[in-house]
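Student: Sequence isn't available, so here's the structure alone:
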């Protein structure tokens, strides 16, 4: 019995010593970081102006302007009058260099004169996704040009047709 | 009023959840910019050119221009006489320098004959031969 008590005492003493030396705290480190980029902005520098177009006597004429040129081309009876200032829509996109952005241009938009509507189909020079010039840490930019095309039925009223083209850009 | 430990823990948990949802809200918002441009075109009616021919006298008496009121056209006509009794005086009312014509109405007539005051006969102005008339929108 005496031997048993001694063993028990030793055991408890050992256990006590063990708990006294066990690690009760731990530490490590994590790094914190953030990449700050400048806001993205888009500025209009030119409207989409098709100038003056003579409608066809019969049928339906076509009018188009590419996103690479300010020249208007007309056909199928429609005639673009020369000497009139025309322009594709032009925008400048500014933001952080090297960043991917999404460009949203509606596939079509309407220009209206009273009860008559012309549907303009747009074409733009940037893809749905593009990258701003330069690298992170410097200002970047991109030029967005939007052209368009439409049909002019002979029955359309003469006069000025206008409409609004909304475009938006965002960081990816 | 003092909170128990359990109440305090619940409050801390709610605050943590609120902060997490706020953080997620900011993280999912997209930085974007939008701008508008105006699209426009002016549609005008087509220009037309017609002629009037007097069968009895075998004379081309006038030409007609049809188009949008206010439009300008460049007009090329053969040499014309001038005089108070000649139709050229009428032309001067709408033909400007360099034969630029501004359409004052949808249809404009340009007489090509003159009337002899003594006989009343109509005869063509200018020299005989081919006459070229050219009109185009500027």
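Tutor: Arrived safely. Values in this document were obtained by computation on a predicted structure and should not be read as measured data. Residues are numbered from 1 along each chain as shown, chains lettered A, B, ... in the order given.

Student: going forward, measure contacts between C-alpha atoms and count neighbours the same way
Tutor: Fine.

Student: hey, what's residue A:164 bridged with?
Tutor: Applying DSSP bridges to residue A:164 gives these bridge partners: residue B:38.

Student: Could I get the buried residue list for the strand or helix carrying residue A:140?
Tutor: Secondary structure from DSSP states H and E places residue A:140 in strand A:139-153. Neighbour-count burial for strand A:139-153 flags A:139-142, A:144-153 (criterion: 16 or more other CA atoms under 10 Å in any protein chain shown).

Student: right, and out of those, which lies closest to chain B?
Tutor: residue A:152 (8.5 Å; CA to the nearest CA).

Student: correct me, but that closest one touches residue A:55?
Tutor: Yes - between residue A:152 and residue A:55 there is a contact under CA atoms under 8 Å: 6.3 Å.

Student: So for those two, which residues contact both of them?
Tutor: The contact sets of residue A:152 and residue A:55 overlap at A:61, A:78 (CA atoms under 8 Å, 6 or more residues apart in numbering or on different chains).

Student: If you count neighbours, what's buried in the helix or strand harbouring residue B:42?
Tutor: Using DSSP H and E, residue B:42 maps to strand B:32-44. Neighbour counts using 16+ other CA under 10 Å place B:32-34, B:36-44 of strand B:32-44 among the buried residues.

Student: what bits of chain B have low per-residue confidence?
Tutor: B:1-4, B:6, B:8-29, B:75-100, B:114-116, B:120-138 (pLDDT under 70).

Student: Tell me the residues of it that contact chain A?
Tutor: Residues of chain B lying close to chain A (CA under 8 Å from any CA of the partner chain) are B:30-46, B:137-138.

Student: repeat that with 6 Å
Tutor: B:31-46 (CA under 6 Å from any CA of the partner chain).

Student: List just the nearest of these to residue A:170.
Tutor: Closest approach to residue A:170 among the residues of chain B next to chain A (CA to CA): residue B:32, at 4.0 Å.

Student: Could you find the closest non-adjacent residue to that closest one?
Tutor: residue A:170 (4.0 Å; CA to CA, 6 or more residues apart in numbering or on different chains).

Student: Pretty sure that neighbour sits in a helix.
Tutor: No - the assignment for residue A:170 (DSSP: H, G, I helix; E, B strand; the rest coil) gives strand, which keeps it out of a helix.

Student: Am I right that it is in contact with residue A:102?
Tutor: Yes - the criterion here is CA atoms under 6 Å, and residue A:170 meets it with residue A:102 at 5.2 Å.

Student: More neighbours: which of those two?
Tutor: residue A:170 (21 against 17; other CA atoms under 10 Å in any protein chain shown).

Student: ok so, going back, helices or strands up against the strand holding residue B:42?
Tutor: Packing partners of strand B:32-44 (3 or more CA pairs under 6 Å, 6 or more residues apart in numbering or on different chains; DSSP states H and E): strand A:48-54, strand A:159-171.

Student: let's see 7 Å
Tutor: Judged by 3 or more CA pairs under 7 Å, 6 or more residues apart in numbering or on different chains; DSSP states H and E, the packing partners of strand B:32-44 are strand A:41-46, strand A:48-54, strand A:159-171.

Student: who touches it?
Tutor: A:40-44, A:47-55, A:89, A:111, A:158-171, B:68 (CA atoms under 7 Å, 6 or more residues apart in numbering or on different chains).

Student: now swap in stretch A:158-172 and tell me
Tutor: A:40, A:100-105, A:109-113, B:30-45.

Student: Give the buried residues for it.
Tutor: For stretch A:158-172, by 16+ other CA under 10 Å, it's A:158-165, A:167-171.

Student: before we move on, back to that, tell me which of the residues of chain B next to chain A is nearest to residue A:32?
Tutor: Nearest to residue A:32 among the residues of chain B next to chain A, with distances taken as CA to CA, is residue B:31, at 22.4 Å.

Student: Name the nearest residue to the closest one, ignoring sequence neighbours.
Tutor: Closest to residue B:31 by CA to CA, 6+ apart is residue A:170, at 5.7 Å.
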